[in-house]
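**Student:** coordinates only, sequence not included:
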């Protein structure tokens, strides 16, 4: 079919890269934003703008909150398809209570799961979660959306498209194709080392786009490869759900066997029992970690089979100082506080798995590495975007001759996924600051409105990109690039100003107080505005030269004709 | 101390990439007027690679090996981008890296 291997790789790289590149663009961009998801949360939920807190006292603060927790109406609605008959209104038997925090979280995420007597699968439980202020136990309203960790972050791995879990599958398939694109890209690249540092901005757009595509692809190759790969590892359970399909019985048996080995009860005993002081257990766990030379904070605290004789408390250390999530779990009998089990050191396989998932999920405390990850993610975006531009530049003249509209479509989609996507994110932040604190009755929840704004702006940006795309069919540039760059240059500072007006936290304030979560996002928005302005001005000059040349050519043609 | 070492790691990594780029004729000419002296190629490469390994050493002192390797790999990417863009827009800034190797010959 192809003359040689290199040509077949080029075909694969071009067409698969083009189709899935649009998805990967979103994955990379929102992945880069997710590095600072908790910080974006602070910006979006001003009531949570305070310093990160350690895990609060369970006995005094968390327990009363857990005891009052109940699934919300939405939780119950979502579960109803997994139950026989109508759902109960009140849930009395908690299966699990949990609280999770990291060194970047001022607020605490807690969740509770309850038995559902009429669940189709007897092990199934209904879960609900909440966000609280760990200083005083105040509960944050359900409808405020943590834009970073509840919207941008899930967008990164599921496109927030949950129907039949299709979003996960699209992202997973795209990651797989990305691995293919990386390998085929390396095969195609003739001057891998010789052009490692090469970027010639003054050459023709086609050449400079390819330079930039190669540069950002090659220098960040380990990053691209590892993140696509570890992303797949993290969701392997979704992509290969063997433990709940072919191997379901084995999985259930294994759970029971594991319970026997670890001594942690698999089921409730059915005998009610009180809960001893969990704070004392936390103190004991911390003493044991310190004894092992790894003193640390609690990252994850969970109670299983709550209120039952078989209940136990698991306390995990926060993995702040390593490439890991949480670890060194110590488990206590809930009714007495005696230690049931200390997790043994991990096996080699578990260590590798922990490293692979940990390097992607980055719960560690390392600001330099965080920023370098953002750089890697943005390099990925540049790589994909320049891929689109190269595709259009290379073919546009040929398409003009054929009278084809293909270049128009690809170019308009490129505008949508480059400037359009950033506009949507900025639009969402603006919406977040403009929506009133309490919404009029009958309005959808605040968080939903913010999501509608995001998708609305994105759709508008797409419509605009297609509407303005006619010049591409004559091998000229789409003016939508310029328009959207200037729109960004205007709107990003608007978000910064609105943050100032609505919360009083202007940059001089946040920087002098050293409150970097908010100052950082404001500064990033200003940088975006600056870059968008420079890019817009540069592109406008280019369109002007283009149209001047076109007019000249037309003029000289007329002279010749005359 | 940790921040100081990380800063050293960044500077060594960027310098290392600069020397490796200068060891290529085309980039040397972007920075200097004359051609790249043949004898300098080897010394530029050795200096470049040593700086990169020095950077790795700094990372290893600060963090656990697992984390340090990530920091270093990402630093390599960041430094290569920095040098590539400097060569595109402000090549003369890299003259400081070239001077010792030009004078020696």
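**Tutor:** Ah, there it is. Because the structure is predicted, anything quoted here is derived from the model rather than measured.
**Student:** For chain B, what's its nearest residue on the stretch 351-500 of chain A.
**Tutor:** Nearest residue of the stretch 351-500 of chain A to chain B, counting by CB to the nearest CB: residue A:372, 3.6 Å away. Just so you know, the C-beta spots here come from the backbone N, C-alpha and C atoms, and that holds for glycine as well.
**Student:** Tell me which helix or strand that residue sits in.
**Tutor:** helix A:367-402 (DSSP states H and E).
**Student:** Residue A:223 and residue B:77: what is the separation?
**Tutor:** 6 Å (CB to CB, to the nearest Å).
**Student:** Quickly list what's touching both of the two.
**Tutor:** Jointly contacting residue A:223 and residue B:77 under the rule CB atoms under 8 Å, 6 or more residues apart in numbering or on different chains are A:376, A:379.
**Student:** tell me what the helix or strand harbouring residue B:4 is packed against?
**Tutor:** Taking DSSP H and E as the criterion, residue B:4 maps to helix B:2-22. On a contact count with 3 or more CB pairs under 8 Å, 6 or more residues apart in numbering or on different chains; DSSP states H and E, helix B:2-22 meets helix B:25-31, helix B:38-62, helix B:65-89, helix B:95-103.
**Student:** in that helix, what's buried?
**Tutor:** By neighbour count on 16 or more other CB atoms under 10 Å in any protein chain shown, the buried set for helix B:2-22 is B:5-6, B:8-10, B:12-22.
**Student:** do stretch A:538-549 as well
**Tutor:** Buried residues in stretch A:538-549 (16+ other CB under 10 Å): A:539-540, A:543.
**Student:** Of the helices and strands packed on helix B:2-22, which stretch is the most buried?
**Tutor:** Here the criterion is mean neighbour count by mean count of other CB atoms under 10 Å in any protein chain shown, and of the helices and strands packed on helix B:2-22 the winner is helix B:65-89, at a mean of 21.
**Student:** packing partners for that helix?
**Tutor:** On a contact count with 3+ CB pairs under 8 Å, 6+ apart, helix B:65-89 meets helix A:205-219, helix A:221-234, helix A:348-361, helix A:367-402, helix B:2-22, helix B:25-31, helix B:38-62.
**Student:** still on that earlier bit, the residue of the stretch 351-500 of chain A closest to chain B and residue B:76 touch, don't they?
**Tutor:** No: using CB atoms under 8 Å, residue A:372 makes no contact with residue B:76, being 9.9 Å away.
**Student:** Return the distance of residue A:260 relative to residue A:311.
**Tutor:** Noted for residue A:260: a distance of 18 Å to residue A:311, by CB to CB.
**Student:** Between these two, which is the more surrounded one?
**Tutor:** Using other CB atoms under 10 Å in any protein chain shown as the criterion, residue A:260 and residue A:311 rank with residue A:311 on top: 23 against 10.
**Student:** Just confirm that one contacts residue A:275, I think it does.
**Tutor:** Yes: with contacts counted by CB under 8 Å, residue A:311 reaches residue A:275, the gap being 7.0 Å.
**Student:** where do the helices sit along the stretch 1-150 of chain A?
**Tutor:** Along the stretch 1-150 of chain A, counting by DSSP state H, counting those that start in this stretch, helices occupy A:5-34, A:37-44, A:63-68, A:73-79.
**Student:** Adding distance to residue A:422 and mean pLDDT, write the ones you listed out as JSON lines.
**Tutor:** JSON lines is the format used below for the helices of the stretch 1-150 of chain A (distance: least, CB to CB, whole Å; pLDDT from 0 to 100):
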{"stretch": "helix A:5-34", "distance to residue A:422": "8", "mean pLDDT": "92"}
{"stretch": "helix A:37-44", "distance to residue A:422": "14", "mean pLDDT": "94"}
{"stretch": "helix A:63-68", "distance to residue A:422": "38", "mean pLDDT": "94"}
{"stretch": "helix A:73-79", "distance to residue A:422": "31", "mean pLDDT": "88"}
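**Student:** show me what contacts the residue lying closest to residue B:32 once chain neighbours are set aside?
**Tutor:** Nearest residue to residue B:32, sequence neighbours excluded (CB to CB, 6 or more residues apart in numbering or on different chains): residue B:98, at 5.5 Å. Listed by CB under 8 Å, 6+ apart, the contact set of residue B:98 reads B:22, B:28, B:31-32.
**Student:** ok, so of those residues, who is nearest chain A?
**Tutor:** Distances from chain A to the contacts of residue B:98, taken by CB to the nearest CB, are shortest for residue B:22, at 9.6 Å.
**Student:** Please give me every residue in contact with the residue of the stretch 351-500 of chain A closest to chain B.
**Tutor:** Per CB under 8 Å, 6+ apart, neighbours of residue A:372: B:71, B:74-75, B:77-78.
**Student:** Pick out the shakiest of the helices and strands packed on helix B:2-22, pLDDT-wise.
**Tutor:** Sorting the helices and strands packed on helix B:2-22 by mean pLDDT places helix B:95-103 lowest, at a mean of 85.
**Student:** Could you list the contact residues of the stretch 201-350 of chain A toward chain B?
**Tutor:** Contacts of the stretch 201-350 of chain A with chain B, taken as CB under 8 Å from any CB of the partner chain, map to A:201, A:215-216, A:219-220, A:222-223, A:321-323.
**Student:** And the residue sitting furthest away from the middle of chain B, its phi and psi?
**Tutor:** Using CA atoms, centre = their mean, the residue of chain B lying farthest from its centre is residue B:64. It sits 23.9 Å away. Residue B:64 adopts backbone torsions of phi -60, psi 150, taken as degrees, to the nearest 10.
**Student:** Tell me which residue is most central in chain B.
**Tutor:** Centre-most residue of chain B, counting by CA atoms, centre = their mean: residue B:16, 1.9 Å.
**Student:** That one: what's its closest spatial neighbour, skipping adjacent residues?
**Tutor:** Nearest to residue B:16 is residue B:51, by CB to CB, 6+ apart, at 3.3 Å.
**Student:** again, but for residue A:137
**Tutor:** residue A:61 (4.9 Å).
**Student:** what's the burial count for the one you found?
**Tutor:** 19.
**Student:** residues in contact with the residue in the stretch 201-350 of chain A that chain B sits nearest to?
**Tutor:** Residue nearest to chain B within the stretch 201-350 of chain A (CB to the nearest CB): residue A:219, separated by 3.9 Å. Applying CB under 8 Å, 6+ apart to residue A:219 gives the contacts A:196, A:379, B:76-77, B:80-81, B:84.
**Student:** and if we set it to 10 Å?
**Tutor:** By CB atoms under 10 Å, 6 or more residues apart in numbering or on different chains, the contact list for residue A:219 reads A:196-197, A:376, A:379, A:383, B:17, B:76-84.
**Student:** Next up, the contacts around the nearest residue to it once chain neighbours are set aside.
**Tutor:** Sequence neighbours aside, residue B:80 is the residue nearest to residue A:219 in space, at 3.9 Å (criterion: CB to CB, 6+ apart). Residue B:80 makes contact with A:196-197, A:215-216, A:218-220, B:13-14, B:16-17, B:20-21 under the criterion CB under 10 Å, 6+ apart.
**Student:** for the helix or strand in which residue A:258 is found, packing partners?
**Tutor:** Applying DSSP H and E as the criterion places residue A:258 in helix A:248-262. Secondary-structure packing of helix A:248-262 (3 or more CB pairs under 10 Å, 6 or more residues apart in numbering or on different chains; DSSP states H and E): strand A:339-342.
**Student:** any idea how far the strand it packs on is from the chain center?
**Tutor:** 35 Å (CA atoms, centre = their mean, to the nearest Å).
**Student:** ok, it: who's next to it in the sheet?
**Tutor:** strand A:326-333 (antiparallel) (DSSP bridges).
**Student:** and the strand it pairs with, average pLDDT?
**Tutor:** Strand A:326-333 comes out at a mean pLDDT of 86.
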